[in-house]
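Participant: here is a sequence together with a model predicted from it:
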Amino acid sequence: MKKILFQLTVTFVLGAMLSSCGGDSNPTMKNSTGKPGEIVVVIPKATWEGEAGDTIFHFLAQPVADLPQEEPMLNVVHIPPQAFGEIFKTGRNLLLTKINPSVKEPKITIQRNVWAKPQIIVSVQAPNEKSFTDFFAKKGNDIVSIFVKEERNRLMKMYADRKFKNDAVAERMAKEHHFTLNVPKGFVVSVDTTNFVWIRYETPNISQDVIAYWYPYTSDSTFTRNYLLNKRDSVLKKNVPGPDPGTYMMTERQIPTLFRAFKLNGNYTAMLRGLWKVHGDFMGGPFVSISTLDPIRGRVLTLEGFVYAPKKDKRELMRQVEAMIYSVRFPDQKKNDKINRMAEMGNDTSAPPVDSVETK
């Protein structure tokens, strides 16, 4: 399968003619090239066709979790060092390798905007092929996360840019619901109630949706997978109808839903990632949600992005709505920060513990 990736070189060259969106207009720096989710791996052909190359490909092209059809985390383009000329140096995502006895021990370095912008370059070095393979096997998921997060950050930066940002939606959310959200122009608010908002972008072939709902924070059990899934299904049944009477959106429970707890902008947050379906119909697709604590208002705010795109690739569509929900901010975050600091010092037992486990 790796060998056919040489054909992707043609795709990359064509993609090089399209400049990616960058907020910086430095005239001395070229715009990066390549499609979103594309990565150029620079490594000798013989090494690429051996165990080291197999290990690199295994991690970079692993399937994205919780998509209805299999799609790789990154589209991999292999380039041998002698072919790594100017046209490839402007790639948005570069993985450079060095296997040489002069390298004392395996290491990773990260650089940004060396030959173009926005650009991220991850270099992996090792003294020999075995140590390189072992090191990459240990750090592979971390390396993938670096590139995927960088793609999300690029989208977030673009959606915050006044050329793309839907100011009307952002201002409406801030004024009426006390949070801000960056969505691009073209998205419209289709439903707006006292505790539920639905923002949509639709074409004849796809639908990208962002919903937000909020409810009182009452206990630590709020930030558990079962509670959040049950809350999700109760809200969707009431607010997201299907195409026919009696049909409604719900979580696909036959497929495990990913769960992760972390902090977002200093606030305790839990993420769900899985599949949705419509009760009484055949519609379905992927979703991602984050539920974040708003201490000053004593509420939990859930933001969810989901996609309906039959027979279409969904990875990039999902990454776009994910970037939108991760842009959420509270206008009085400084007050939340104060409460969060008090909770961490043990002066407030009402906040959920920071060390909640991360599970699948």
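Facilitator: Ah, there it is.

Participant: next SSE after the helix or strand encompassing K149?
Facilitator: If you go by DSSP states H and E, K149 is part of helix 129-160. Note on helix 129-160: by DSSP H and E, the next helix or strand toward the C-terminus is helix 167-177.

Participant: what average pLDDT does that next one get?
Facilitator: Averaging pLDDT along helix 167-177 yields 96.

Participant: residues in contact with L228?
Facilitator: 222, 259, 270, 272, 289, 291, 302 (Cβ atoms under 8 Å, 6 or more residues apart in numbering). C-beta here means a position set from N, CA and C on the backbone, and glycine is covered the same way.

Participant: quick one: the helices in this protein, in order.
Facilitator: 8-15, 45-48, 51-60, 86-89, 129-160, 167-177, 225-239, 315-325, 333-344 (DSSP state H).

Participant: K35 and V77, how far apart?
Facilitator: 10 Å (Cβ to Cβ, to the nearest Å).

Participant: who has more neighbours, the two?
Facilitator: Neighbours were counted for K35 and for V77 using other Cβ atoms under 10 Å; V77 has more, 26 against 17.

Participant: isn't the more buried one up against E38?
Facilitator: Yes: the criterion here is Cβ atoms under 8 Å, and V77 meets it with E38 at 6.4 Å.

Participant: got the buried residues for the longest strand belonging to the chain?
Facilitator: Criterion DSSP state E: the longest strand present in the chain is strand 267-279. Under the neighbour-count criterion of 16 or more other Cβ atoms under 10 Å, strand 267-279 has 267-278 buried.

Participant: I'd like those residues as TSV, with pLDDT appended.
Facilitator: Formatted as TSV, these follow (pLDDT from 0 to 100):
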residue	pLDDT
N267	95
Y268	95
T269	97
A270	98
M271	98
L272	98
R273	97
G274	97
L275	98
W276	98
K277	97
V278	97
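
Participant: sorry, back to before: using CSV, write out the CA atom coordinates for the longest strand of the chain.
Facilitator: Provided in CSV are the C-alpha atoms of strand 267-279 (Å, rounded to 0.1, in the frame of the first residue of the first chain):
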residue,chain,number,x,y,z
ASN,A,267,-11.8,25.1,32.7
TYR,A,268,-12.5,21.4,33.4
THR,A,269,-13.7,19.8,30.1
ALA,A,270,-14.8,16.4,28.8
MET,A,271,-14.8,15.3,25.2
LEU,A,272,-17.0,12.7,23.5
ARG,A,273,-16.3,11.4,20.0
GLY,A,274,-18.6,8.8,18.3
LEU,A,275,-21.3,8.2,15.8
TRP,A,276,-24.9,9.5,15.7
LYS,A,277,-28.0,8.0,14.0
VAL,A,278,-31.6,8.9,13.6
HIS,A,279,-34.2,6.9,15.5
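
Participant: within the sheet, what are the partner strands of it, with directions?
Facilitator: With DSSP bridges as the test, strand 267-279 is paired with strand 248-251 (antiparallel), strand 258-264 (antiparallel), strand 284-294 (antiparallel).

Participant: low-confidence ranges, the stretch 101-250 of the chain, go.
Facilitator: Within the stretch 101-250 of the chain, not a single segment meets pLDDT under 70.

Participant: before we move on, the earlier item: the longest strand of the chain versus helix 333-344: what angle between them?
Facilitator: With axes from the mean of the first three to the mean of the last three Cα atoms, to 10 degrees as the basis, strand 267-279 and helix 333-344 are set at 100 degrees to each other.

Participant: now find how far off-centre strand 267-279 is within its chain.
Facilitator: 13 Å (Cα atoms, centre = their mean, to the nearest Å).

Participant: could you tell me the angle between that strand and helix 225-239?
Facilitator: Inter-element angle recorded for strand 267-279 and helix 225-239: 50 degrees (by the same axes, to 10 degrees).

Participant: how big is the angle separating strand 267-279 from helix 315-325?
Facilitator: Angle of strand 267-279 versus helix 315-325, following the same axes, to 10 degrees, is 130 degrees.

Participant: can you count the residues close to the residue lying closest to K107 once chain neighbours are set aside?
Facilitator: Ranked by Cβ to Cβ, 6 or more residues apart in numbering and with sequence neighbours excluded, the top spatial neighbour of K107 is Q125, at 5.6 Å. Applying the criterion other Cβ under 10 Å, we find 20 residues in the vicinity of Q125.

Participant: partner residues bridging Q125?
Facilitator: Beta-bridge pairing for Q125 (DSSP bridges): K98, K107.

Participant: what's near enough to touch it?
Facilitator: Counted by Cβ under 8 Å, 6+ apart, Q125 has contacts 97-100, 103, 106-109, 132.

Participant: mind running it again at 6 Å?
Facilitator: 98, 103, 107 (Cβ atoms under 6 Å, 6 or more residues apart in numbering).

Participant: filter the residues you listed to the buried ones?
Facilitator: Buried, going by 16+ other Cβ under 10 Å: K98, out of the contacts of Q125.

Participant: can you redo the contacts of Q125 as a markdown table with distance to F179?
Facilitator: Compiled in a markdown table, the contacts of Q125 are given as follows (distance: Cβ to Cβ, whole Å):
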| residue | distance to F179 |
| --- | --- |
| K98 | 46 |
| V103 | 48 |
| K107 | 41 |
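
Participant: which of the contacts of Q125 lies closest to D233?
Facilitator: Closest approach to D233 among the contacts of Q125 (Cβ to Cβ): K107, at 46.4 Å.

Participant: quick one: that closest one from A46, how far?
Facilitator: 23 Å.

Participant: what's the answer for F223, then?
Facilitator: F223 is 50 Å from A46, by Cβ to Cβ.

Participant: neighbour count: those two, which is higher?
Facilitator: Ranked by neighbour count (other Cβ under 10 Å), F223 and A46 place F223 first, with 21 against 11.
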